[in-house]
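Q: one predicted model, sequence on top.
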Amino acid sequence: MQYIILPIVIAALWHVAIARNAPRFGLLKLNFRNSPVFASYGLIEFPYIVAATVFLVKWGYVETRYALLYLSVMAAMWILGAVDDIWGSREVGGFKGHFRKLLLERKLTTGAVKAIGGGLVALAAGFYLYRTNFLLFFQAAAVIALASNLINLFDLRPGRAMAVIFFGLVVTYILKFGSLIASPLVGAIAAIALLFGVWDSRGKAMMGDSGSNSIGAALGITIAINASKWMIPAIVLMVAVHIYSEKRSISKAIEGNRILKGIDSRLGVR
């Protein structure tokens with residue numbers, strides 16, 4: 001029983017510690033309304049996911065190998081995102097901005113660290129899943145890396161990132177005909193994300209890189225292990241969104257489309 005209670009207690013204590021010290025860590029930032037909010041609830045969210053995973057493994061609902069895969073990849077993305085949340089600068093944005101800073105000015109930004117580190121983590125995960133299939137290995141790595149950053153691109157308005165996460169999970173669920181691998185774990189991650197997402201949709205907090213990168217990575221893993229035949233279309237779609245975001249504003253694109261704007265307005269406060 002202690003193996004189940006202890007992770008919950010640790011998660012709760014971590015929650016209190018981060019919440020109380022948010023100003024000290026620079027985690028109170030202005031949102032799109034120029035109101036100060038907690039800027040990275042992903043820092044608090046992930047330990048609860050760990051606690052839920054321990055419970056599911058302990059009671060035999062999830063195979064240990066899948067639990068370790070999800071937790072190790074999510075933990076790495078969570079740490080990389082946390083570094084950017086706490087010490088990152090918004091002086092530059094996007095892949096182009098961060099790597100231009102690195103190549104031309106020899107300055108390593110936290111965004112570049114996150115991109116390089118996230119790519120390496122995704123490659124390791126892809127190798128773990130498909131080490132005997134070179135093509136699937138790289139496809140899985142690409143899906144995980146792209147999905148991790150994709151959620152970050154949409155974390156600009158309340159509820160928007162959560163909508164993308166659940167859209168991806170629902171599409172994967174349909175493609176798998178309702179039989180997801182490690183479904184209890186995927187369900188637990190989604191449930192915890194949804195609970196924290198209420199805070200997000202009300203404009204009380206932002207997911208931050210720690211949350212968007214880790215939950216996005218979980219989405220990528222879910223796609224990679226459940227919809228391998230659909231990874232190429234997923235990669236093409238996500239690459240297209242990334243390229244678009246480098247040149248134009250996703251928020252402006254949504255606001256300029258009547259249907260997308262109508263959907264978006266129902267995701268959270270605007």
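A: Thanks, I have the structure now. Please read all numbers here as calculations on a predicted model, not as lab measurements.

Q: where in this structure is pLDDT low?
A: 1-3, 89-99, 101-102 (pLDDT under 70).

Q: pull the longest helix from it.
A: Longest helix in the chain, counting residues (DSSP state H): helix 64-87.

Q: check which residues of that helix are buried.
A: By 16 or more other C-beta atoms under 10 Å, the buried positions in helix 64-87 come out as 66-67, 69-71, 73-86. Backbone N, C-alpha and C define where each C-beta goes, glycine included.

Q: quick check, distance from that helix to the centre of its chain.
A: 9 Å (C-alpha atoms, centre = their mean, to the nearest Å).

Q: and that helix, what does it pack onto?
A: Judged by 3 or more C-beta pairs under 8 Å, 6 or more residues apart in numbering; DSSP states H and E, helix 64-87 is in contact with helix 42-58, helix 110-130, helix 134-154, helix 183-201, helix 208-226.

Q: just those: most buried one?
A: helix 208-226 (a mean of 29; mean count of other C-beta atoms under 10 Å).

Q: and that helix, what does it pack against?
A: helix 42-58, helix 64-87, helix 110-130, helix 134-154, helix 160-175, helix 183-201, helix 231-247.

Q: with just CA atoms, put the shortest one into CSV.
A: These are the backbone C-alpha positions of helix 160-175, laid out as CSV (Å, rounded to 0.1, in the frame of the first residue of the first chain):
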residue,chain,number,x,y,z
ARG,A,160,-6.6,25.2,-27.0
ALA,A,161,-3.7,22.9,-26.3
MET,A,162,-6.0,20.5,-24.4
ALA,A,163,-8.3,20.4,-27.4
VAL,A,164,-5.5,19.4,-29.7
ILE,A,165,-4.4,16.7,-27.3
PHE,A,166,-7.8,15.1,-27.0
PHE,A,167,-8.4,15.4,-30.8
GLY,A,168,-5.2,13.4,-31.4
LEU,A,169,-6.2,10.8,-28.8
VAL,A,170,-9.7,10.4,-30.2
VAL,A,171,-8.5,10.1,-33.8
THR,A,172,-5.9,7.4,-32.6
TYR,A,173,-8.7,5.6,-30.7
ILE,A,174,-10.9,5.5,-33.8
LEU,A,175,-8.0,4.3,-36.0
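
Q: list the buried residues for it?
A: 160, 161, 162, 163, 164, 165, 168, 169, 172, 173.

Q: now the last one: how far from residue 161?
A: Remark: distance between residue 173 and residue 161 (C-beta to C-beta, to the nearest Å) = 19 Å.

Q: ok, now residue 62?
A: Distance from residue 62 to residue 161, by C-beta to C-beta: 25 Å.

Q: same check on residue 126?
A: Using C-beta to C-beta, residue 126 is found at 23 Å from residue 161.

Q: what do you get for residue 37?
A: For residue 37 relative to residue 161 (C-beta to C-beta), the value is 14 Å.

Q: between the buried residues of helix 160-175, which is closest to residue 231?
A: Nearest to residue 231 among the buried residues of helix 160-175, counting by C-beta to C-beta, is residue 172 at 10.8 Å.

Q: thinking again about what came up before, put the alpha carbons of the longest helix of the chain into PDB.
A: Extracted C-alpha coordinates of helix 64-87, given in PDB (Å, rounded to 0.1, in the frame of the first residue of the first chain):
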ATOM      1  CA  THR A  64       5.800  -2.300 -16.800                       C
ATOM      2  CA  ARG A  65       7.500  -1.800 -20.200                       C
ATOM      3  CA  TYR A  66       4.900   0.600 -21.400                       C
ATOM      4  CA  ALA A  67       4.800   2.400 -18.100                       C
ATOM      5  CA  LEU A  68       8.600   2.900 -18.200                       C
ATOM      6  CA  LEU A  69       8.400   4.100 -21.800                       C
ATOM      7  CA  TYR A  70       5.800   6.700 -21.100                       C
ATOM      8  CA  LEU A  71       7.300   7.900 -17.900                       C
ATOM      9  CA  SER A  72      10.900   8.000 -19.100                       C
ATOM     10  CA  VAL A  73      10.100  10.000 -22.200                       C
ATOM     11  CA  MET A  74       7.600  12.300 -20.500                       C
ATOM     12  CA  ALA A  75      10.000  12.900 -17.600                       C
ATOM     13  CA  ALA A  76      12.800  13.900 -20.000                       C
ATOM     14  CA  MET A  77      10.400  16.300 -21.900                       C
ATOM     15  CA  TRP A  78       9.100  17.600 -18.600                       C
ATOM     16  CA  ILE A  79      12.600  18.500 -17.400                       C
ATOM     17  CA  LEU A  80      13.500  20.100 -20.700                       C
ATOM     18  CA  GLY A  81      10.300  22.100 -20.700                       C
ATOM     19  CA  ALA A  82      10.800  23.100 -17.000                       C
ATOM     20  CA  VAL A  83      14.200  24.500 -17.900                       C
ATOM     21  CA  ASP A  84      12.600  26.600 -20.600                       C
ATOM     22  CA  ASP A  85       9.700  27.700 -18.300                       C
ATOM     23  CA  ILE A  86      12.000  28.800 -15.400                       C
ATOM     24  CA  TRP A  87      15.100  30.100 -17.200                       C
END
